[in-house]
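In: could you look at this predicted model? Sequence included:
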Amino acid sequence: MFRQRWKLALSALLFSTLACAALFGDETAGKGAGMVMPPTPTLAAVSCPLITEEIVRLNAGAAESSDEGFEAEGGEEEEAVYLATYPVSGDELGEPYFDSAPAELEDEQKDDAAHRRIWGYFTSLIPLEYRPTIAEYSIMTDGRENLLAAVAQTADDPNLWRLEVDIADTSDYYYLTFTLAHEFAHLFTLAPDQMPPSLAIFNNPEDNDIYLREVSACPTFFPGEGCSTPDSYINQFYERFWTDIYEEWNEINLIEDEDEYSGALDDFYYQYEDRFLTDYSATHPAEDIAEAFGFFIFTGQPDGDTVAEQKIRFFYEYPELTALRETMRRNVCLNFQP
Ligand SMILES: [Zn+2]
């Protein structure tokens, strides 16, 4: 049930976590579960512009090479197990809370050093002032692949968010880096100044009537947790790139049957392929902007005229984001230096 499914109807209330599937290609096959390694010497030997290009190439390639399309939720996918949750204060992690977990995951659960290493990597990429809403950090796992990371509102405060990382998928820093940038995009595009959270929905997460009432009262894009402000990044992105296909997408998104949904979304993606940077982008406008942000950070400014390329150029209209791009690219390079 942790598989990414966005619905504007009832199921959105049940799956409010923005679960971000890792789109692994064959490159990651055979990596050890639970292994966490620093950037390898191979990476350090490559010049930094090539590293950032490789991050985006692998993530795009993984999406394109996924010939299975949108995988239906099924018995072959393991449910996510939460292992440890740390309170976050600025850059610092407090003492973790340990969830009850199967005995075979005890090593992963107690690997405090690995948990903190991943957190340290995240904080080394994203400047502190850009992540004021992160109040918790969770280590979880659904086995290798599937989910790599996710964000969700905290249980107590809809203005605060939790970053979740699958410990089994953190050995490849190319994928990890892109996915952390993607998750960060959710955090800043859904922050309270961009999308004041709906208290009615937060306090009544299973009330479909309340949800639909909030959606219909919202004149702008409704990401799920609240009504976006007119000038918010996500509403501007939606207005420019989604209004003409949103109804078509939404009908697909409301399909209950998972196999039927996957097939319809697959068809939708291929129908509009030149609009999307990855197939995962087609799952939801909020995923689309998060994927596009990853491309914005790690690739150059495109000069073509496809909608997909326009989505990358979108971020260059915001000076604060181009400044952030420079900082994040510099931080990636510092991490990968020998
Ligand atoms: Zn996502």
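Out: Received it, and whenever you're ready, just let me know what you need. Residues are numbered from 1 along each chain as shown.
In: give me the residue at the spatial middle of this structure.
Out: What sits nearest the mean C-alpha location of the chain, by C-alpha atoms, centre = their mean, is residue 183, with 3.7 Å.
In: please tell me how far that one sits from the ion.
Out: Going from residue 183 to the ion by C-beta to the ion, to the nearest Å gives 6 Å. Any C-beta I mention is one placed from the backbone N, CA and C, and that applies to glycine too.
In: quick one: that residue is in a strand?
Out: No - counting by DSSP: H, G, I helix; E, B strand; the rest coil, residue 183 is not part of a strand but helix.
In: going forward can the numbers begin at 45, since that is how I track them
Out: With 45 as the first residue, the last one maps to residue 227.
In: can I get stretch 188-199 in CSV? Just the C-alpha atoms.
Out: The C-alpha atoms that make up stretch 188-199 are tabulated as CSV, following Å, rounded to 0.1, in the frame of the first residue of the first chain:
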residue,chain,number,x,y,z
ARG,A,188,15.7,-3.3,-2.6
GLU,A,189,14.3,-1.1,-5.4
ASN,A,190,10.6,-0.1,-5.4
LEU,A,191,10.6,2.9,-3.0
LEU,A,192,13.9,4.9,-2.5
ALA,A,193,12.6,7.8,-0.5
ALA,A,194,9.5,9.7,0.4
VAL,A,195,8.2,12.7,2.2
ALA,A,196,5.1,13.1,4.4
GLN,A,197,3.5,15.5,6.7
THR,A,198,4.3,14.7,10.4
ALA,A,199,1.6,13.2,12.4
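In: one step back: quick check: the residue nearest to the centre of the chain vs residue 131, distance?
Out: Counting by C-beta to C-beta, to the nearest Å, the gap from residue 227 to residue 131 is 18 Å.
In: what of residue 229?
Out: Distance from residue 229 to residue 131, counting by C-beta to C-beta: 23 Å.
In: mind checking the SS state of residue 280?
Out: Recorded secondary structure, residue 280: helix (three-state DSSP).
In: which residues touch it?
Out: Residues in contact with residue 280 (C-beta atoms under 8 Å, 6 or more residues apart in numbering) are residue 358.
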